[in-house]
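A.B. asks: I'd like to go over a predicted model; first the sequence, then the structure.
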Amino acid sequence: MAALLELAGITKRYPGVVANHDVSLEVAEGEIQALLGENGAGKSTLMKIVYGLVRQDEGEIRWKGQAVTENSPVLARHRGIGMVFQHFTLFETLTVAENVALGLDPQAAGPDLPARIRDLATRYGLAVDPMAPVWSLSVGERQRVEIVRCLLQSPRLLIMDEPTSVLTPQEADGLFATLRRLASEGCAVLYISHKLEEIRSLCHAATVLRGGKVVARCDPTRETARSLAALMIGKAPPELAHRPSRSDGPVVLKVRDLSLRPSDPHGTNLRRIGFEIHAGEIVGVAGVAGNGQRELLRALSGEDPRAPQAAIELAGQPVGDLNPRRRRDLGLSFVPEERLGRGAAPKLSLALNALLTGNRHKLTRAGLIDAKAIDRRAAEIIRHFGVRAAGTHAEAASLSGGNLQKFIVGRELYEDPKLLIAAHPTWGVDVGAATMIREEMLALRDRGGAVLLFSEELEELFLLADRIAVMFHGMLSPPTPIRELTPESVGLLMGGAGFDEGDAGRAQAH
Amino acid sequence: MLRLTRRADPSRTLEIAAPLLAVALTLVVAALLFLALGKNPLDAFRAMFWRPVQDLYGLTELGVKVTPLILCAVGLAIGFRAAVWNIGAEGQLIVGAVAAGATALQFGEEASGPLPWVLPLVMGTLGGMAWGAIPAFLKTRFNANEILVSLMLAYVGGLTLQYMVHGPLKDPMSFGFPQSASFTEPARLPVLLETTRLHVGFALALIAAVLAWVFVTRSYQGFVFRLSGEAIEAAAYAGFSRTKVVWGSFLISGGLAGLAGAAEVAGPIGQLQPSISPGYGFAAIIVAFLGRLHPIGIVAAALLMGLFYVGGEIAQMELQLPIAITGVFQGLLLFFLLGADSFVRWRLVVAEKR
Amino acid sequence: MGDELDTAIAVITATLRAGTPLVFAAMGELVAERAGVLNLGIEGMMLVGAVVGFMVAATTGITPFGFVAAALAGMAAAAIFGVLALNLMTNQVATGLALAIFGGGLAAFIGQSWVGIPLPGMELPFPEPLRQIPFVGPVLFGHDWLVYLSILLVAGVAWFLRRTRAGLTLRAVGENQESAHALGYSVLKIRWLATLFGGAMAGIGGGYLSLIYTPQWAEDMTAGRGWIALALVVFATWRPWRVLLGAYIFGGVTIIGLQIQAAGASLDSNLIAMTPYLATVVVLVLISRDVTRIRLHTPASLARPFHPEA
């Protein structure tokens, strides 16, 4: 049987980087094939080429044996290719039905569309309300909208880009059921992920990309997670085992009955959050994105200083209404989730970015910047953390994601904080950098520092944290020692089980 | 088909060449325009760009023109770097002039010492600051768009001047002309060179440019302003107050524009008139961009723009070229500059149709 | 009693006339902004439209030709903005400012020999007998073509944005340019069309001033109306019918000031002339203080440059 989709010798170059180099692969009807690789391996570029968003420099796409000469998202959809993007292609202020309509041809999006959405949603167990505005939906619901949009076109091939990174384990199981059912109906699935266990359980075949090239094809059911990881990064994956903390020090951060209305109209209400972190421990915060993590992080960092003064105590001092600099003076460091634009100013040099949160008394003199001092500081961070950069005068934007994250983490650890708050510090970072960042957090803890780690990856939390709490609808469950938890029990909490749903947590827009 | 692709690194060469390229392109278009008007472009260029600078008096006149441009543009650039868009410098200049004028009119011929001319400058600066404080307050307190508010206040400022010269500050001996009495000699700015009009304000403008240079390139606060403009989230993350940056930008740019207005009326003009500025406050926006928002670049850009003004007048007299052509050139220059700037970070490539 | 009625009719008519150029300019900008394009150069586009429209109407003697020319001239001015801000991805704020300055200079330059020339009038749309009906006649049927067209324009834009697929696409582009691109929509093409529409409407707004409202050409005759139109879009929180309301409020403010003066109040004319500008500031403050509401309605991709690689 001829393959449904065939890629032959696809090459795509960008200035300074070859994203895909002579990539070939085949997908058959009814097959769930994994596309596996590290960040920057070229998976997304390859899929954008298939979907017609990017044009290859060399090579050929064949669809049902026929060479594809003209390609665009519209043509790809006509062929029967649907794509669910990692960063959803949804429009927050529009309704579900309008969002779906924008992904269909005009004649396919008639007035009966809401009914067809409901129909399809029930058939595949993808409950969504067609009339709801997208901003009011949870991340999982948004993904369902994307999937419904694809399924309404009866696709022959469905491309899923990192679909489970935003789901609870239980939601992920639901998604897998849907995908298996589609495959049994003959639809092919190209499944992009770096989560090895789920690839082993879901996929029939796997193509591994590294540095833009195909380095292996395998049957993932016959591999182990370790062997897949080795294929992906080209060497044995670094070992990092869980190390329990040695001692409980004094309380470093104490949050008491923190409730806060969101400043963003689509934000989440924080509701009666309370917890403590001790010196020498890592507390992990799990939760599906959009359950108040952003809001809590801003309240803790001081970017949102509207909290009552006494609601947040840092090293024994009430700080709820202090700005970030005052909190930093008390020993707080913070690695925000957006690297470029928040954690670092894109067009400023690394030296000036070192000044961003560096202690101004050490880096300035009489109101003037001490150019030598910031240069020295940046050079030390670069050296100590192995940041690959053209030098201290390189723009922050010129660094790769992993290198910039190492620089930011290095900067935040430089002044040896009492408490480090880190939001998704290894998200989108290569395995080497991720391991290093994790080691540094453990080292800080072992030196007696406290770490509050927000992450959407349960594996990471179980690896690093001593206690884990879960955020749901703006509430936080009590941090629990990890020996009393399993990924399943945390997953249930992420889905809301065990939270008191007395009053609605989500903020209502005006 | 032409396409833009991102350069791996910004082109340092183009960063410097872009303003020169923009000036060159403007001159090319200008030459074509002169041809279309039936004038010899060489004659026109000679009138516009050579005649003004061929003797000392011409140079000092250029200095008179660039004084308000430098003062306004240096202040605006500090704000623009912080993404605070004060485009009402014209209004702040006019209100500064009114404040300075009202002060200067209090001094008689018998006054002595520097106070009679220093005080109007101080009052003018404060007047410009006050006018700039309004959009700053409305922005920080009520989130009102500073572009629109500062511009609306420029119109209000212009009408305030009209009201003053038609009413409260009108000279009773002016035979009905809407203008104030001439300032007395002690209230006029001292000139730097005898027999020319080059006044103390020019020196103040250069001092302002140097101070601004230190501020934007060396000072911690200058870093904070720039950060706030380039990455507002990063500034918030680091804990720098946007409110202070908005206030600072408007007080600095408003104050300098007010000083420029004060120096105009207390310097070359010598009284309050219905029209005291040929749009210096707006031209300064172009000067600021042309000078790369950099104080030293601004001095150079102001010299060029000053030439447009002086040369435009000469061209009008000698070649009957309309004075409005100055505005056309100003706009063109800014267009070309913005366009050329894009190629610092982007490269034009010929690509097959996608 | 009769005098008061006449005054009321005069005020209503004058208010609509004063508001109409704002309706055109602001509706054009509204459409551009809903597509994510912030063009601050309305003042320049209006002036270019005003002068070109005037020249064509005065030359041909046919006012409608003047409006067509005004629209084309506004589009041409908007095209400069398009090349820079859309294709070359320049800063939209700076580019719009440049267009405002350039448009003013260009209009003054090409229009200087046209100052003070008279123009033929334009026939009114409704017949004399209808206009003679007491009160209702002049209030409903007594206006010029453009007043009615501007109201139709608002209705058309509201319908387009709300009910049509193309309108949905345009809103999508303004809301999230990356998503629209990923779904296969040409962000650049849609923005170009919206920008040109904005230019055409600004041109007509300017043309209304020089062809009907004044009717003659004078340098800087827009007197800040292009900027007021920008404020109107914010005031309307990007919704068409509120633009109409806002424009008439501004028209009313202008007219009432003149009425007070005409009534013999001893207020200086310069102080009265300040009212529209001060009113703009007041309205901006009132509407902007509700940060949540502004954020909720501002097109999320407004003024963000777009490149498919980014």
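C.D. replies: Good, I have the coordinates.

A.B. asks: residue of the stretch 251-400 of chain A with the smallest distance to chain C?
C.D. replies: Nearest to chain C in the stretch 251-400 of chain A, going by Cβ to the nearest Cβ, is residue A:265, at a distance of 4.7 Å. (Each C-beta comes from the backbone N, C-alpha and C, glycine too.)

A.B. asks: Just say helix, strand or coil for that residue.
C.D. replies: Secondary structure, DSSP: H, G, I helix; E, B strand; the rest coil: residue A:265 is coil.

A.B. asks: What number of neighbouring residues does it come out with?
C.D. replies: Residues lying near residue A:265 (other Cβ atoms under 10 Å in any protein chain shown) number 17.

A.B. asks: ranges for the strands of the stretch 201-350 of chain A?
C.D. replies: Assigned by DSSP state E, counting those that start in this stretch, the stretch 201-350 of chain A shows strands spanning A:205-210, A:213-218, A:251-260, A:270-278, A:282-286, A:312-314, A:317-318, A:332-335.

A.B. asks: Mind listing the strands the fourth one pairs with, and their directions?
C.D. replies: Same thing as strand A:270-278. Sheet partners assigned to strand A:270-278 using DSSP bridges are listed as strand A:251-260 (antiparallel).

A.B. asks: Now the stretch 151-300 of chain C against chain A: closest residue?
C.D. replies: Counting by Cβ to the nearest Cβ, the stretch 151-300 of chain C gets nearest chain A through residue C:184, at 3.0 Å.

A.B. asks: Can you pull the phi/psi pair for the residue nearest to that residue when sequence neighbours are not counted?
C.D. replies: Using Cβ to Cβ, 6 or more residues apart in numbering or on different chains and skipping the chain neighbours, the partner closest in space to residue C:184 is residue A:73 (3.0 Å). For residue A:73, the backbone dihedrals are phi -60, psi -40 (criterion: degrees, to the nearest 10).

A.B. asks: right, and residue A:73 touches residue A:51 too?
C.D. replies: Yes - look at residue A:73 against residue A:51 with Cβ atoms under 8 Å: they come within range, at 5.8 Å.

A.B. asks: picking up where we left off before, got the strands of the stretch 201-350 of chain A as a markdown table, with mean neighbour count columns?
C.D. replies: Below are these laid out as a markdown table (neighbours: other Cβ atoms under 10 Å in any protein chain shown):
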| stretch | mean neighbour count |
| --- | --- |
| strand A:205-210 | 22 |
| strand A:213-218 | 16 |
| strand A:251-260 | 19 |
| strand A:270-278 | 19 |
| strand A:282-286 | 26 |
| strand A:312-314 | 22 |
| strand A:317-318 | 14 |
| strand A:332-335 | 25 |
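
A.B. asks: wait, which of these is closest to residue C:150?
C.D. replies: Set against residue C:150 and scored by Cβ to Cβ, the strands of the stretch 201-350 of chain A come closest in strand A:251-260, at 45.6 Å.

A.B. asks: Could you pull up the mean pLDDT of that closest one?
C.D. replies: Averaging pLDDT along strand A:251-260 gives 96.

A.B. asks: what residues does that strand touch?
C.D. replies: With contacts defined as Cβ atoms under 8 Å, 6 or more residues apart in numbering or on different chains, strand A:251-260 is touched by A:269-279, A:295-296, A:299-300, A:304, A:306-308, A:310-316, A:320, A:331, A:418-419, A:450, A:452.

A.B. asks: Equivalent analysis for stretch B:179-188, please.
C.D. replies: For stretch B:179-188, the surrounding residues in contact (Cβ under 8 Å, 6+ apart) are B:101, B:104-105, B:107-112, B:116-117, B:120, B:164-165, B:169-171, B:173-174, B:265-267, B:270-274.

A.B. asks: who touches the helix or strand bottoming out on mean pLDDT in chain C?
C.D. replies: Lowest by mean pLDDT, DSSP states H and E among the helices and strands of chain C is helix C:136, with a mean of 85. Helix C:136 is contacted by no other residue when judged by Cβ under 8 Å, 6+ apart.

A.B. asks: Kindly report the same for stretch C:107-120.
C.D. replies: B:322, B:324-325, B:327-328, C:44, C:47-48, C:50-52, C:54-55, C:57-58, C:61-63, C:211, C:215-220.

A.B. asks: Please, a ChimeraX command that selects the buried ones among these?
C.D. replies: Burial among those is assessed by 16 or more other Cβ atoms under 10 Å in any protein chain shown; the matching ChimeraX selection reads:
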select /B:322,324,325,327,328 /C:44,47,48,50,51,52,54,55,57,58,63,211,215,216,217,218,219
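
A.B. asks: Out of the contacts of stretch C:107-120, which sit inside helices?
C.D. replies: Of the contacts of stretch C:107-120, the ones assigned to helices by DSSP state H are B:325, B:327-328, C:44, C:47-48, C:50-52, C:54-55, C:57-58, C:63.

A.B. asks: which of the residues you listed lies closest to chain A?
C.D. replies: residue C:44 (29.3 Å).

A.B. asks: Leaving out the residues flanking it, which one is nearest to the closest one?
C.D. replies: Per Cβ to Cβ, 6+ apart, closest to residue C:44 is residue C:103, 2.1 Å.

A.B. asks: residues contacting the one you found?
C.D. replies: B:331, C:41, C:43-48, C:77.

A.B. asks: Now the strand or helix carrying it - C-alpha only, CSV.
C.D. replies: If you go by DSSP states H and E, residue C:103 is part of helix C:92-111. Only the C-alpha atoms of helix C:92-111 are listed here, as CSV (Å, rounded to 0.1, in the frame of the first residue of the first chain):
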residue,chain,number,x,y,z
GLN,C,92,3.8,52.3,13.6
VAL,C,93,3.7,55.2,16.0
ALA,C,94,6.7,56.9,14.4
THR,C,95,5.5,56.2,10.9
GLY,C,96,2.1,57.6,11.6
LEU,C,97,3.7,60.8,13.0
ALA,C,98,5.8,61.1,9.9
LEU,C,99,2.7,60.7,7.7
ALA,C,100,0.9,63.4,9.7
ILE,C,101,3.8,65.8,9.3
PHE,C,102,4.4,64.9,5.6
GLY,C,103,0.7,65.1,4.7
GLY,C,104,0.4,68.5,6.2
GLY,C,105,3.5,69.8,4.4
LEU,C,106,2.6,68.2,1.1
ALA,C,107,-1.0,69.6,1.2
ALA,C,108,0.3,73.1,2.0
PHE,C,109,2.8,72.8,-0.8
ILE,C,110,0.5,71.7,-3.6
GLY,C,111,-2.4,73.7,-2.4
